[in-house]
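A.B. asks: sequence and predicted structure below; questions after.
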Amino acid sequence: MSDSYTNAKIREALVASQGSRARAQDILLGWAQADDRLLRGLVTPYLKGIVTGTVERVTRPGSGATAVSAPAPTVQSPAVPKPLLQKPAGRPSPPRQLSPEALDKALSMMGQGMPPRPAAATPPRSAGALKLGTTNPVPPTKAGAKHQQTMRALAALYARKHQT
């Protein structure tokens, strides 16, 4: 973010917010919607990460989006470049609502088509006898003699250190 214009706008937002970082962020978001140069200055350092994350999200199995194996051939035509963000139109549009019939249909479809939950593949095992060759054997119920001796030595050192 070495763009001096972007840095100046950030400082201006901090002054306008009287040092409040949260308020400065809100101000910058508003300005970035109308100012393409500011938006590009803010986003440029993070663009590669944004693109990488988006591609990963779309191509991840089970994401709901279909991955494209080969791009479809397209015809390049001289087009007017689209703005990065649309400018706010003053008032936001009222939230869209479902008709009562569509809502009833959506509610009636909920839970249908879902496969039943599979039963547990293997029943939980109880801690039985120690088996050879396991990587996580059952820990002993009583500390060994060497462990007891080490713990006593550590306790004695701790007591001597804190007596003075």
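C.D. replies: Good, I have the coordinates. Just so you know, these numbers come straight off a predicted model, no measurement behind them.
A.B. asks: by mean pLDDT, flag the weakest helix or strand of the chain.
C.D. replies: Scoring the helices and strands of the chain by mean pLDDT, DSSP states H and E places helix 100-109 at the bottom, with a mean of 72.
A.B. asks: state the pLDDT value of residue 121.
C.D. replies: Reported pLDDT at residue 121 in the predicted model: 60.
A.B. asks: then the one 5 residues further on?
C.D. replies: Note for residue 126: predicted pLDDT of 58.
A.B. asks: how about residue 37: what's its closest non-neighbour residue?
C.D. replies: Excluding the flanking residues, the one nearest residue 37 by C-beta to C-beta, 6 or more residues apart in numbering is residue 5, at 6.1 Å. C-beta: built from backbone N, CA, C; applies to glycine.
A.B. asks: show the contacting residues for the one you found.
C.D. replies: The contact partners of residue 5, taken as C-beta atoms under 8 Å, 6 or more residues apart in numbering, are 37-38, 41.
A.B. asks: quick one: buried ones out of those residues?
C.D. replies: 38, 41 (16 or more other C-beta atoms under 10 Å).
A.B. asks: adding distance to residue 59, secondary structure and pLDDT, write the contacts of residue 5 out as TSV.
C.D. replies: As requested, the contacts of residue 5 are exported to TSV (distance: C-beta to C-beta, whole Å; DSSP: H, G, I helix; E, B strand; the rest coil; pLDDT from 0 to 100):
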residue	distance to residue 59	secondary structure	pLDDT
37	32	helix	91
38	31	helix	91
41	29	helix	90
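A.B. asks: tell me the one of the contacts of residue 5 nearest residue 26?
C.D. replies: residue 38 (14.1 Å; C-beta to C-beta).
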